[in-house]
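K.L.:
Structural data only, the sequence is not supplied:
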Ligand SMILES: Nc1ncnc2c1ncn2[C@@H]1O[C@H](COP(=O)(O)OP(=O)(O)O[C@H]2O[C@H](CO)[C@@H](O)[C@H](O)[C@H]2O)[C@@H](O)[C@H]1O
């Protein structure tokens, strides 16, 4: 059956459970019990059926008999109870299948945390390449995108209790390394396609034999690439009496990217005049233009910024990037929620990248020995002198104006003069990539500038470094400082956005704090903090250990964030 959007379909549409899938459904409910300790209470029985046989999932190989169980690191969170709902999270990337930065981590971790609370959760992302563990559902639909018919397929994987649905279309293929690249209109086309396919996925993609349907449904759209979703939800469905019980929360991970273009390009979006007007923005940066994020902010039922401080900053001229007034007007529906850590992925006790090459696992009690081993292993791996006493400073991140890498570059001579080892990992802007290479070439005995994207290296630097530098000019939340603290690596951060919310300034007098926080994004301010950190590291090792320990002992799990997301989604349900 082919469905065309634009003239939205009428009449009630309901999920179905073909008889052949009753067994699979029953077993998935049992799995849900086991995984989350609760039933999928929201699995209401279907009314109509559309026969569909889901191909068998690839059979996973039996694990080795003696395989060690990873240590239990998280205790289960409280269940959502009556607030349980169907959640569909939509974004341009999701680790481990696709990741360029923090959004990929959030798309991977928050759904699992919501599942742990008992929600039924689907993640919808593009299928950039062939993913071994995702099987073809056989479902193919035609949607109208940019006023042309586009045939889309769906692939599915069920991992850790989450339904991952991959949208298959030639426009996504081969973009793995360059998710956000291309001409402006090409990018907008991909965004529109993803949003339309995600909205319809709830009706067409049987997950474990049953579709999600539109009852008790909440979408979570992430960043401007999915800002069209709340717009289409309203304009193509709810205005026509469809999906009336569905809501959409829009999460702001980065205000700096908004989907700007000439206003005339909004005519490709297949919206009437009233909705097109929501894309119109005048600001001194862009003059009059089309702004996709603006329309998303206005149409979403709820807004989330990825930290409390960022929720405030978005409303300022400096932090709103031209949209501060729009956010101010809508701040009644805005909430700041700090990201968490997926401890299955980022945990020094069981990190998969610390099992070989001389690296070691450690916890708060074995921090000193474990970290020393990791530091020596990294020094060896990178060809730096193996020296336990040389303070190791790390940096990991996209090489971008945002991350303040130039402030580290401007302190290079100072850092080298202090006999530190500086290990930097990043990719992005050409001049900053060149700066990394240049720093390494100037002193190969003390500096490594790894240009590229390496998850393994990111984990290893996080474990091995004594100090992590995050001099970001702005940082909506920031994940690397969280990972650093979990690994006993002391962060030095600019007091902005989520960095301000999550790192507490060390005070030697009260013996409190989890790192160093400097007030202005200037090279000399960063230098002062590095200086203080090195002094403490060298002269007061016990105090330094105390900072490391406090960082490690924090509860930075996603469970807390997930419970606040749940509050936001529940509030959205009660809003028309
Ligand atoms: N070269 C490289 N090799 C390997 N791994 C690399 C890498 N460069 C970056 N990473 C990884 O990408 C992630 C970066 O996360 P951040 O939150 O710091 O940044 P980002 O700015 O992308 O995210 C945006 O969204 C997130 C999520 O909400 C917000 O925390 C953040 O403030 C906002 O800017 C980390 O997992 C990091 O290890």
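P.N.:
Everything's here; your move. Note that the structure is predicted; figures quoted are calculated from it, not measured.

K.L.:
Show me which residues of the stretch 51-200 of the chain sit near the ligand.
P.N.:
By Cβ under 6 Å from any ligand atom, the residues of the stretch 51-200 of the chain that approach the ligand are 101, 102, 103, 105, 106. (Each C-beta comes from the backbone N, C-alpha and C, glycine too.)

K.L.:
Show the pLDDT at the third one.
P.N.:
Residue 103 is assigned a predicted lDDT (pLDDT) of 98.

K.L.:
which strands and helices sit next to the helix or strand containing it?
P.N.:
Per DSSP states H and E: residue 103 is located in helix 102-116. The helices and strands touching helix 102-116, judged by 3 or more Cβ pairs under 8 Å, 6 or more residues apart in numbering; DSSP states H and E, are helix 22-36, strand 86-90, strand 120-126, strand 162-168, strand 217-222, helix 558-573.

K.L.:
quick one: the nearest residue to residue 473 once chain neighbours are set aside from the ligand, how far?
P.N.:
Using Cβ to Cβ, 6 or more residues apart in numbering and skipping residues adjacent in sequence, the residue nearest residue 473 is residue 521, 4.7 Å away. Between residue 521 and the ligand the computed distance is 14 Å (Cβ to the nearest ligand atom, to the nearest Å).

K.L.:
likewise residue 130?
P.N.:
Taken as Cβ to the nearest ligand atom, the spacing of residue 130 relative to the ligand amounts to 22 Å.

K.L.:
quick one: secondary structure of that residue?
P.N.:
Classification of residue 130 by DSSP: H, G, I helix; E, B strand; the rest coil places it in coil.

K.L.:
Check residue 436 too.
P.N.:
Three states are possible here, and by three-state DSSP the one that applies to residue 436 is helix.

K.L.:
For it, give me its contacts.
P.N.:
By Cβ atoms under 8 Å, 6 or more residues apart in numbering, the contact set of residue 436 is 399, 405, 424, 426, 449, 450, 451.

K.L.:
Can you check these and name whichever has the most neighbours?
P.N.:
Within the contacts of residue 436, neighbour counts (other Cβ atoms under 10 Å) peak at residue 405, which reaches 28 neighbours.

K.L.:
returning to what we had before: for the helices and strands packed on helix 102-116, give me CSV that also has mean pLDDT, mean neighbour count and distance to residue 77.
P.N.:
Conversion of the helices and strands packed on helix 102-116 to CSV gives the following (pLDDT from 0 to 100; neighbours: other Cβ atoms under 10 Å; distance: least, Cβ to Cβ, whole Å):
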stretch, mean pLDDT, mean neighbour count, distance to residue 77
helix 22-36, 38, 15, 9
strand 86-90, 98, 25, 15
strand 120-126, 98, 26, 14
strand 162-168, 98, 25, 15
strand 217-222, 98, 27, 18
helix 558-573, 95, 19, 4
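
K.L.:
can you redo the ones you listed as JSON lines with distance to residue 434?
P.N.:
As requested, the helices and strands packed on helix 102-116 are arranged in JSON lines below (distance: least, Cβ to Cβ, whole Å):
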{"stretch": "helix 22-36", "distance to residue 434": "47"}
{"stretch": "strand 86-90", "distance to residue 434": "36"}
{"stretch": "strand 120-126", "distance to residue 434": "31"}
{"stretch": "strand 162-168", "distance to residue 434": "36"}
{"stretch": "strand 217-222", "distance to residue 434": "31"}
{"stretch": "helix 558-573", "distance to residue 434": "37"}
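
K.L.:
can you tell which of the ones you listed is closest to residue 142?
P.N.:
strand 162-168 (13.1 Å; Cβ to Cβ).

K.L.:
Many thanks, I have nothing further to ask.
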